[in-house]
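1. Make a model of this:
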Amino acid sequence: MFVSMVHVHVKTEFIENFKLATLDNASNSIKEPGVARFDVYQQMDDPGRFTLVEIYRSEDAPVQHRETSHYLRWRDAAAEMMVEPRTRVTYNILFPAETEI
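-> Predicted coordinates for the structure are as follows:
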């Protein structure tokens, strides 16, 4: 299992639309067998900044995720809402153990 953290800077006028699109993506993503968890965070002191924390069960799960209709819908909708291209950082999970997630 591993974590992918996606950082998104959203234009002020699109914050609410971005939240709707992202919650649609997240609520469908957690139904995927390869997704263990999918969290969406909005920064408190800068509401235009979001972090998506995606925990995958296997290395091929992100590829499968990026082929789903809900991800493609999110990707296309969110593209115009961003101040700059999103960034992604991937981490190995050290703790908690896989059985705890």
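
2. What's opposite V35 in the beta bridge?
-> Legend: beta-bridge partners of V35 under DSSP bridges are Y56.

3. Use 156 as the first number from now on
-> Okay, residue one is now 156; in that scheme the one you just asked about reads as V190.

4. For it, give its distance to P240.
-> Distance of V190 to P240, given as CB to CB, to the nearest Å: 23 Å. No exception for glycine: its C-beta is placed from N, CA and C like everyone else's.

5. Tell me which of those two has more neighbours.
-> Legend: neighbour count by other CB atoms under 10 Å for V190 and P240, higher for V190 (20 against 8).

6. so what's that one up against?
-> For V190, the contact set (CB atoms under 8 Å, 6 or more residues apart in numbering) comprises 184, 209-212, 216, 220.

7. can you check T245 too?
-> By CB under 8 Å, 6+ apart, the contact set of T245 is 157-160.

8. Okay, strands next: where are they in the protein?
-> In the chain, the strands defined using DSSP state E lie at 157-164, 190-197, 204-211, 242-247.

9. Nearest to L175, out of the ones you listed?
-> Smallest distance to L175 across the strands of the chain (CB to CB): 11.2 Å, for strand 190-197.

10. which residue sits closest to the residue most central in space within the chain in space, ignoring its chain neighbours?
-> Centroid-nearest residue in the chain, with CA atoms, centre = their mean: L207, separated by 3.6 Å. Excluding the flanking residues, the one nearest L207 by CB to CB, 6 or more residues apart in numbering is V161, at 4.1 Å.
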